[in-house]
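Engineer: following is a predicted model, sequence given first.
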Amino acid sequence: MKYLAEYRDPKLARALVERIRRTATRRWTLMEVCGGQTHTIVKQGINDVLSEQVEMIHGPGCPVCVTPLEQIDRALYLATRSDVMFTSFGDMLRVPGSDCDLLRVKAQGGDVRAVYSPLDALELARTHPDKEVVFFAVGFETTAPANAMAVWRARELGVKNFSVLVSHVTVPPAMVAILEAPDSRVQGFLAAGHVCAVMGWTEYEPLAERYRVPIVITGFEPMDILEGIWMAVRQLEEGRHDVENQYVRAVRREGNQAAQDIMERVFHVVDRGWRGIGVIPSSGLGLRPEFAEYDAEEKFSLGFIRADEPAACRAGDVLRGRIKPFECPAFGTLCTPESPLGAPMVSSEGACAAYYNFARMGRDTQRGA
Amino acid sequence: MCLGIPGRIVEVRRDAGLPMGVVDFGGVRRDACLAYVADEVGVGDYVIVHVGFALSKVDEEEAHRTLEVLRQMGELEEPA
């Protein structure tokens, strides 16, 4: 496929690896923010090939992983109601709540449906006027414009039996939380290319300046990641801390203004809890009060829910980059993709699943333990 | 769910005022909302699609230039 195959060229990859090896005079510690990038790095063995030049710390950019347990439990409650058709991106269906997951609710007769686009959920509401259709609006700045449009269109088209259970989070406050942590080892970031396709990178400029860390907007293919690493390493070697854009084919400094406009009209900034991490101030998006009739929490009067994570799961430490997945005692034994304790083992963007499925080192370490 | 995929627009239309289109991903065709790129794309353009929404037009010139730089680097590194 065009714009994919050419960024997976092994010859160019070898050249970039060689370039990084010659540029690095010491070992640097970088964090890739996005779980999609984590999967590329672990699957392609980039962390192994460059183990003497960079340590890659895997960031919290997995929307499935950071959606709070309380919000999963609210979703599970809604999905069991006979008047509700609960819709969600497919990768949320297997995320463990306190007692079960959405697939289990579906198996027990709940009307749970995976949709490709939030507009598909809105269409289900239009074609099923006898049902309350709820969409699980999770994700980062990449899914926020889509979810905002579904709400915007619901109002425009006068669809009343549609609402969203919102759990949106944003990247820059999480980067600040990571950098502010006393034990932070991150010296540079690969920022998530598709988040920046929406938001641009002006938000990152004050972060690079204040914390003196290079931030490289990076794409998702192996060549993108390797070039992003090289650009970050070059900055560190030269003592620079700039925002640079590796993903020039898709990202502009100002981002996508039309998408930002709809997000701004539908959502406002709120404090948000991150699963395994806790509340990060001003790190989420919630529906503006004028869209309250589309807010599932209001519509179904969902109150406070207390939920506790399984004690054996160390997803919070994984999401903050404190430990690698295979350092968790439950990894591969109590916790597997078939029977996950924590969300990072479920998601196609979760670090634990990436190591379980792809990493040679992770498995060997586990077997030896 | 953050996995965006590049695809080529093969059809554009409006659904009750909303710019929509059909995008071809290496043979697989899907509907996508084009509202966020409507001013800058048409049939034949490549866009990055996320959860059914085109979020960015692929800049073909920039894509070409990046690959050229990388290829030159490949030539340089080859003897090493």
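Structural biologist: Yep, that arrived. Numbering: from 1, shown residues only, chains lettered A, B, ... in the order given.
Engineer: just the buried residues of the lowest-mean-pLDDT helix or strand in chain B, please?
Structural biologist: Using mean pLDDT, DSSP states H and E, helix B:60-77 stands out as the lowest-scoring helix or strand of chain B, at a mean of 80. Within helix B:60-77, the residues that count as buried by 16 or more other CB atoms under 10 Å in any protein chain shown are B:E62, B:A63, B:T66, B:L67, B:L70, B:M73, B:G74, B:E77. Backbone N, C-alpha and C define where each C-beta goes, glycine included.
Engineer: JSON lines please, covering the residues you listed and showing distance to B:D24.
Structural biologist: Listed next are those as JSON lines, based on distance: CB to CB, whole Å:
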{"residue": "B:E62", "distance to B:D24": "21"}
{"residue": "B:A63", "distance to B:D24": "17"}
{"residue": "B:T66", "distance to B:D24": "23"}
{"residue": "B:L67", "distance to B:D24": "21"}
{"residue": "B:L70", "distance to B:D24": "26"}
{"residue": "B:M73", "distance to B:D24": "31"}
{"residue": "B:G74", "distance to B:D24": "29"}
{"residue": "B:E77", "distance to B:D24": "35"}
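Engineer: ok, and of those, which contact chain A?
Structural biologist: Contacts with chain A are made by B:E62, B:A63, B:T66, B:L67, B:L70, B:M73, B:G74, B:E77 out of the buried residues of helix B:60-77, judged by CB under 8 Å from any CB of the partner chain.
Engineer: of all pairs in those residues, which one is the farthest apart?
Structural biologist: B:E62 and B:E77 (22.5 Å; CB to CB).
Engineer: low pLDDT regions in chain B?
Structural biologist: Flagging of chain B using pLDDT under 70 yields the residue ranges B:1-2, B:76-80.
Engineer: tell me which of the buried residues of helix B:60-77 is nearest to A:V115?
Structural biologist: For the buried residues of helix B:60-77, the nearest to A:V115 is B:A63 (30.5 Å; CB to CB).
Engineer: show the contacting residues for the nearest residue to that closest one once chain neighbours are set aside.
Structural biologist: By the measure of CB to CB, 6 or more residues apart in numbering or on different chains, the closest residue to B:A63 outside its immediate chain neighbours is A:R249, 3.9 Å from it. Neighbour list for A:R249: A:Y3, A:G219, B:V58, B:D59, B:E60, B:E62, B:A63, B:T66 [criterion: CB atoms under 8 Å, 6 or more residues apart in numbering or on different chains].
Engineer: the same query, at a cut-off of 7 Å, please.
Structural biologist: Listed by CB atoms under 7 Å, 6 or more residues apart in numbering or on different chains, the contact partners of A:R249 are B:V58, B:D59, B:E62, B:A63, B:T66.
Engineer: that one falls within a strand, correct?
Structural biologist: No. Using DSSP: H, G, I helix; E, B strand; the rest coil, the secondary structure at A:R249 is coil, not a strand.
Engineer: ramachandran angles for it?
Structural biologist: A:R249 has phi and psi values of phi -70, psi -10 when expressed as degrees, to the nearest 10.
Engineer: can you tell me how far it is from A:D183?
Structural biologist: To A:D183, A:R249 is 36 Å away according to CB to CB, to the nearest Å.
Engineer: for A:Y247, same thing?
Structural biologist: 30 Å.
Engineer: same check on A:M56?
Structural biologist: Taken as CB to CB, the span from A:M56 to A:D183 is 17 Å.
Engineer: and for A:A79?
Structural biologist: According to CB to CB, A:A79 stands 38 Å off from A:D183.
Engineer: neighbour count: those two, which is higher?
Structural biologist: A:A79 (27 against 7; other CB atoms under 10 Å in any protein chain shown).
Engineer: that one is in contact with A:L102, isn't it?
Structural biologist: Yes. With contact defined as CB atoms under 7 Å, A:A79 reaches A:L102; the gap is 5.7 Å.
Engineer: the helix or strand containing A:H39 - contacts with which helices or strands?
Structural biologist: If you go by DSSP states H and E, A:H39 is part of helix A:35-43. If you count contacts as 3 or more CB pairs under 7 Å, 6 or more residues apart in numbering or on different chains; DSSP states H and E, helix A:35-43 packs onto strand A:54-61, helix A:222-238, helix A:351-358.
Engineer: tell me where the stretch 201-350 of chain A has strands.
Structural biologist: With strands called from DSSP state E, counting those that start in this stretch, the stretch 201-350 of chain A shows them at A:215-218, A:243-245, A:267-274, A:278-287.
Engineer: and for chain B?
Structural biologist: In chain B, the strands defined using DSSP state E lie at B:5-15, B:18-25, B:28-33, B:46-50, B:53-57.
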